[in-house]
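**Student:** 3D model of this:
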Amino acid sequence: MATPFSPAATLKPKQNPLQLLLSFRDSSGGGLVCAKCSPRPRPSRVNVCSWGSAASYVSLQDGTANFSGKPILTKGLSQRRGGIVRAATIEEIEAEKSLIEKDVKERMEKTIETVRTNFNSIRTGRANPAMLDKIEVEYYGTPVSLKSIAQISTPDASSLLVQPYDKSSLKAIEKAIVSSDLGMTPNNDGEVIRLTLPQLTSERRKELSKVVAKQAEEGKVALRNIRRDALKAYEKLEKEKKLSEDNVKDLSSDLQKLTDEYMKKIDTVFKQKEKELLKV
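**Tutor:** A predicted model of the protein is given here:
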């Protein structure tokens, strides 16, 4: 005789992940809470208190998720806000990571631009208005850049013409040029200042080449410092349990590749400048 099914043996319908996620309630029946905040935590579920986008977490299983194409540990991710411990969402972690990456790229781009500007200020035997970019003039008691108070042009390949907007600044401009390391003697005719570039000697070219090499190395040091700051930021996220150790290793590897890319850019502009300097 077949044994009848008892009520206790009744099979319950299997819930899908989203239904199961939404079934977690607090002890007072007041709504959804995270497993970490609940008096009876569920060890295999994601600790999330903000359920506004619960569907986003259906794919999270066993405390891990995909973050920018890489698996990220999500167990124990928490922030304290208003005395309530709340888990950091994937979106928040992604936002913090994106800010770090954006800052790194912006600072590295500025470093490359600074290197280029410094290179342009070193003459190579051919006149270039950028050679005067670093000249500062005492104008009415305030140091200002020469290019902000005068128009600079190149009448020919070996001379520069400086035409101030205010003729009363001619003497101050002349003084600034003489005290610079350009090695040029200004010719002030009361209207404009003319600069003639002396021919570079072989010895002078080699000296300038060393200056350029030093500036290139300073640029690389700046890139390494930017990389160091980003690594510290990633390590901070790891300490806050927002990133796992493996995540930090992967991000550090990506950061090194980006740093190497910008290092090559410095090498490229350095070689171009060195070639210009040594070309007779």
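**Student:** tell me the SS of Thr124?
**Tutor:** Thr124 falls in the coil class when you classify it by DSSP: H, G, I helix; E, B strand; the rest coil.
**Student:** quick one: buried residues of stretch 138-157?
**Tutor:** For stretch 138-157, burial by neighbour count (16 or more other C-beta atoms under 10 Å) applies to 139, 146-147, 149-150, 152, 154. Using the backbone N, CA and C atoms, a C-beta is placed for each residue, glycine as well.
**Student:** Ala95: which of the residues you listed is nearest?
**Tutor:** Checking the buried residues of stretch 138-157 against Ala95 with C-beta to C-beta, the nearest one is Lys147 at 39.6 Å.
**Student:** my guess is that closest one contacts Lys134, does it?
**Tutor:** No: Lys147 sits out of contact with Lys134 when judged by C-beta atoms under 8 Å, with a separation of 9.9 Å.
**Student:** quick one: find the helix or strand in the protein with the lowest mean pLDDT.
**Tutor:** Counting by mean pLDDT, DSSP states H and E, the chain has its least confident helix or strand at strand 64-67, which shows a mean of 38.
**Student:** hey, where'd the strands end up in the stretch 101-250 of the chain?
**Tutor:** Using DSSP state E, counting those that start in this stretch, the strands of the stretch 101-250 of the chain run over 136-139, 142-145, 150-156, 159-164, 186-188, 193-196.
**Student:** quick one: low-confidence ranges for the stretch 151-280 of the chain?
**Tutor:** Judged against pLDDT under 70, the low-scoring parts of the stretch 151-280 of the chain cover residues 280.
**Student:** just the buried residues of the stretch of helix or strand Glu261 belongs to, please?
**Tutor:** Here Glu261 is covered by helix 245-278, with elements defined by DSSP states H and E. Applying a neighbour-count criterion of 16+ other C-beta under 10 Å, one finds 247, 250-251, 255, 258-259, 262-263, 265-266, 269-270, 273-274, 276-277 buried in helix 245-278.
**Student:** nearest spatial neighbour of Arg224, skipping sequence neighbours?
**Tutor:** Counting by C-beta to C-beta, 6 or more residues apart in numbering, Arg224 lies nearest to Thr259, which is 7.2 Å off, once chain neighbours are set aside.
**Student:** same question for Val178.
**Tutor:** When the adjacent residues along the chain are set aside, Val178 lies closest to Pro186, with 6.6 Å between them (C-beta to C-beta, 6+ apart).
**Student:** just give me the neighbour total for that neighbour.
**Tutor:** Neighbour count of Pro186, defined by other C-beta atoms under 10 Å: 18.
**Student:** and what of Ile173?
**Tutor:** With neighbours defined by other C-beta under 10 Å, the count for Ile173 comes to 24.
**Student:** surely it is in contact with Ile193?
**Tutor:** Yes: judged on C-beta under 8 Å, Ile173 makes contact with Ile193 at a distance of 6.0 Å.
**Student:** give me the common contacts of those two.
**Tutor:** Shared contacts of Ile173 and Ile193, defined by C-beta atoms under 8 Å, 6 or more residues apart in numbering, are found at 162, 164, 186.
**Student:** coming back round to it: of all the strands of the stretch 101-250 of the chain, which lies closest to Ser98?
**Tutor:** With C-beta to C-beta as the criterion, Ser98 lies closest to strand 142-145 of those, at 34.9 Å.
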